[in-house]
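Peer 1: the sequence isn't on hand, but the structure is:
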């Protein structure tokens, strides 16, 4: 186990370094943030030059990167050009909104997807199986922006049940503001969470269905039936544990994806999370905030991958033996 953890940590450090190089080079190859800092209409050439020096943009790119990495080691990602706040604390201040949105969506998607996949796989070729397959293909084919707008059209405009934007009323808990603790916050949370959850339900359902079909054909399931175990006990007591590893993988990866890339949904629903902050920062060329956000995204993905691998080792002894 310790060897596995050490290997994962070394891979994580390498991935973070590669991400930092690509992200830093990419964001510094687009535009000039000085023109978003100074008043272009009244600024003189000297004002622009002074702003460039103040932001450290007069240095060669490689020197800027080394200075950036030196600051990152101390936890300093710089100060936002636009918000005039430390970049990383600014990103972390948006995390609770994104976290509760992603967590709510996954709490809906995982049980629904697993249950639909189990039932469809158990009744392969039946009416329910065909409905699940066709519905999952349709759900996975929907662009997230179109699905979000349709949910607003139906849920907010036609029916008037849910608000179309914003986070709603929040309550402070553990030093952070949360929407799910108030009724108004839950109403604001419903549509964006559903927009994130629907494609995940389809993905998890297809994976659970394929695993169920494979496991149900194995000898130990036939032996369970021969012993007279109930179909419900076989399905949830024997089939589900044997398909859990790929499901855990996809749930972990999709949860990380929602934390990092709920950009479209957050933008359409004006949800004040990390994704919306990233889009706004890219448009305004707020480089410290962009790099802080990208670093957070990379750490989330690497951390969730490592957690999934460790969960493998707990659930499946064969993983520990092979490691």
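Peer 2: Received it, and whenever you're ready, just let me know what you need. Since the model is a prediction, treat every value here as computed from it, not as a measurement.
Peer 1: and stretch 273-293, average pLDDT?
Peer 2: In this model, stretch 273-293 has a mean pLDDT of 84.
Peer 1: any idea how far apart the tips of that stretch sit?
Peer 2: Length of stretch 273-293, first residue to last, C-alpha to C-alpha, to the nearest Å: 11 Å.
Peer 1: which residues does that stretch contact?
Peer 2: 20, 23-24, 27-28, 30-33, 36, 68, 77-83, 87-88, 90-91, 94-95, 97-98, 101, 259-267, 270, 296 (C-beta atoms under 8 Å, 6 or more residues apart in numbering). To be clear about C-beta, it is placed using only N, CA and C from the backbone, and glycine gets the same treatment.
Peer 1: which of those residues count as buried?
Peer 2: The neighbour count (16 or more other C-beta atoms under 10 Å) marks 20, 23-24, 27-28, 33, 68, 77-78, 80-83, 87-88, 90-91, 94-95, 97-98, 101, 259-260, 262-267, 296 as buried among the contacts of stretch 273-293.
Peer 1: please, where are all the helices along the stretch 51-200 of the chain?
Peer 2: Here the stretch 51-200 of the chain has its helices, by DSSP state H, counting those that start in this stretch, at 61-73, 87-122, 127-141, 144-151, 183-216.
Peer 1: just want the angle from the first one to helix 87-122.
Peer 2: Helix 61-73 and helix 87-122 meet at an angle of 80 degrees, taking axes from the mean of the first three to the mean of the last three C-alpha atoms, to 10 degrees as the criterion.
Peer 1: residues near the closest residue to residue 34 other than its chain neighbours, how many?
Peer 2: Spatial nearest neighbour of residue 34, excluding adjacent residues (C-beta to C-beta, 6 or more residues apart in numbering): residue 51 at 4.9 Å. By the criterion of other C-beta atoms under 10 Å, residue 51 has 18 neighbours.
Peer 1: packing partners of the helix or strand that contains residue 14?
Peer 2: Under the criterion of DSSP states H and E, residue 14 resides in helix 2-27. Applying 3 or more C-beta pairs under 8 Å, 6 or more residues apart in numbering; DSSP states H and E, one finds that helix 2-27 contacts helix 61-73, helix 287-315.
Peer 1: and these, which is most packed in?
Peer 2: Most buried of the helices and strands packed on helix 2-27, by mean neighbour count (mean count of other C-beta atoms under 10 Å): helix 287-315, with a mean of 19.
Peer 1: so how far is it off the chain centroid?
Peer 2: 10 Å (C-alpha atoms, centre = their mean, to the nearest Å).
Peer 1: how near is residue 6 to residue 12?
Peer 2: For residue 6, the distance to residue 12 equals 11 Å [C-beta to C-beta, to the nearest Å].
Peer 1: which of the two has more neighbours?
Peer 2: Legend: neighbour count by other C-beta under 10 Å for residue 6 and residue 12, higher for residue 12 (17 against 10).
Peer 1: surely that one is in contact with residue 306?
Peer 2: Yes: under the criterion of C-beta atoms under 8 Å, residue 12 makes contact with residue 306 at 6.7 Å.
Peer 1: any stretches of the stretch 201-323 of the chain with poor pLDDT?
Peer 2: Scanning the stretch 201-323 of the chain for pLDDT under 70 picks out the ranges 260-261, 308-309, 311-323.
Peer 1: before we move on, what about the stretch 1-150 of the chain?
Peer 2: The model of the stretch 1-150 of the chain has pLDDT under 70 over residues 1-5, 7-8, 31, 35-43.
Peer 1: distance check, residue 197 against residue 169.
Peer 2: 22 Å.
Peer 1: okay, now the closest residue to residue 188 other than its chain neighbours: neighbour count?
Peer 2: Leaving aside its sequence neighbours, residue 188 sits nearest to residue 168 (C-beta to C-beta, 6+ apart; 3.4 Å). By the measure other C-beta under 10 Å, the count of residues near residue 168 is 17.
Peer 1: then residue 190?
Peer 2: 18.
Peer 1: now do the same contact list for it.
Peer 2: 155, 162.
Peer 1: look at it and report its pLDDT.
Peer 2: Reported pLDDT for residue 190: 88.
Peer 1: can you tell me how far it is from residue 104?
Peer 2: Counting by C-beta to C-beta, the separation of residue 190 from residue 104 is 9 Å.
Peer 1: over to residue 160?
Peer 2: 21 Å.
Peer 1: of the two, which one has the most company?
Peer 2: Set residue 160 next to residue 104 and count neighbours by other C-beta under 10 Å: residue 104 wins out with 21 against 9.
Peer 1: can you pull the contacts of that one?
Peer 2: Residue 104 sits next to 180, 189, 193, 197 when contact means C-beta under 8 Å, 6+ apart.
Peer 1: how does it look with 6 Å?
Peer 2: The neighbourhood of residue 104, defined by C-beta atoms under 6 Å, 6 or more residues apart in numbering, consists of 189, 193.
Peer 1: so how far is residue 303 from it?
Peer 2: Counting by C-beta to C-beta, the gap from residue 104 to residue 303 is 20 Å.
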